[in-house]
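Asker: just coords:
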């Protein structure tokens, strides 16, 4: 099978908050990233999403990764694939989303 990714992928398990801008649900859905690149993200979530769904998501890159202060990434994208897995009465939903645009917000460093 040929590798089709255009950007390097990083295996990162980070908390992510997901919102669907179309439905305007008041609470975001929590998930966990499995990997991320500059063009896409794969995350695990309990909410079933359909391919083509627009998503807004926010994740935090901790200071250990950025070698400085934590960095917040706010992104807008679209679901391209959904993987459903069941094990021990537990359904896990993996979502692959393409990132269409993102903003990076640097956190405040600690001032001592």
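Answerer: Yep, that arrived. None of these values were measured; they are calculated from a predicted model. Numbering: from 1, shown residues only.

Asker: Strands of this protein, residue ranges please.
Answerer: Here the chain has its strands, by DSSP state E, at 15-19, 29-36, 40-45, 54-61, 71-87, 90-106.

Asker: how about the fourth one: buried residues?
Answerer: Read that as strand 54-61. Within strand 54-61, the residues scored as buried using 16 or more other Cβ atoms under 10 Å are 54, 55, 57, 58, 59, 60, 61. In short, each C-beta sits where N, CA and C put it, glycine included.

Asker: Export these as JSON lines, with columns for pLDDT and distance to residue 100.
Answerer: Below are these laid out as JSON lines (pLDDT from 0 to 100; distance: Cβ to Cβ, whole Å):
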{"residue": "54", "pLDDT": "95", "distance to residue 100": "9"}
{"residue": "55", "pLDDT": "95", "distance to residue 100": "10"}
{"residue": "57", "pLDDT": "95", "distance to residue 100": "12"}
{"residue": "58", "pLDDT": "95", "distance to residue 100": "15"}
{"residue": "59", "pLDDT": "93", "distance to residue 100": "16"}
{"residue": "60", "pLDDT": "89", "distance to residue 100": "20"}
{"residue": "61", "pLDDT": "86", "distance to residue 100": "19"}
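
Asker: what's the closest of those residues to residue 91?
Answerer: The nearest member of these to residue 91, counting by Cβ to Cβ, is residue 55 at 19.1 Å.

Asker: What distance do you get for that closest one to residue 19?
Answerer: 7 Å (Cβ to Cβ, to the nearest Å).

Asker: Can you get me the start-to-end distance on stretch 62-69?
Answerer: 7 Å (Cα to Cα, to the nearest Å).

Asker: Check stretch 83-95 too.
Answerer: Start-to-end, stretch 83-95 (Cα to Cα) is 6 Å.

Asker: which residues are contacting that stretch?
Answerer: Contact partners of stretch 83-95, identified using Cβ atoms under 8 Å, 6 or more residues apart in numbering, comprise 31, 34, 42-49, 79, 81-82, 96.

Asker: Student question: in this protein, what's the helix or strand with minimum average pLDDT?
Answerer: helix 63-66 (a mean of 85; mean pLDDT, DSSP states H and E).
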